[in-house]
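Enquirer: Dropping the sequence and predicted coords here.
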Amino acid sequence: MLELLTNIQKQLLAEGRSNGAIATAMFLSNGTVEKHITTVFNKLGLETSPSSHRRVLAVLRYLST
């Protein structure tokens with residue numbers, strides 16, 4: 001699944017920063033970062049659920065490759 005991600009999406013995933021920190025570091029708006037993060041979650045098949053932490057799950061998938 002990770003091969004579906006762009007290099008930028010992999011970088012965003014691996015750094016573990018907040019959306020605001022990513023936006024500042026990459027000179028992007030918060031909305032743009034949110035769209036990228038949502039795309040990553042969707043590509044990895046991580047559905048929205050109140051009981052799951054999609055960022056943690058995404059990083060675990062990244063690290064397991």
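Expert: Looks like it came in fine.
Enquirer: Now do residue 38 against residue 13, distance only.
Expert: Distance of residue 38 to residue 13, computed by CB to CB, to the nearest Å: 12 Å. All C-beta atoms are positioned from the backbone trio N, CA, C, and that covers glycine.
Enquirer: the longest helix in this structure is where?
Expert: When the chain is parsed with DSSP state H, its longest helix is helix 30-43.
Enquirer: Mind giving me the packing neighbours of that one?
Expert: helix 7-15, helix 19-26, helix 54-63 (3 or more CB pairs under 8 Å, 6 or more residues apart in numbering; DSSP states H and E).
Enquirer: Pull out the buried positions in the first one.
Expert: Neighbour-count burial for helix 7-15, with 16 or more other CB atoms under 10 Å as criterion, is recorded at 9, 12, 13.
Enquirer: Can I get the residues you listed in CSV including pLDDT and distance to residue 42?
Expert: Formatted as CSV, those follow (pLDDT from 0 to 100; distance: CB to CB, whole Å):
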residue, pLDDT, distance to residue 42
9, 75, 11
12, 73, 14
13, 70, 13
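Enquirer: Good, wrapping up.
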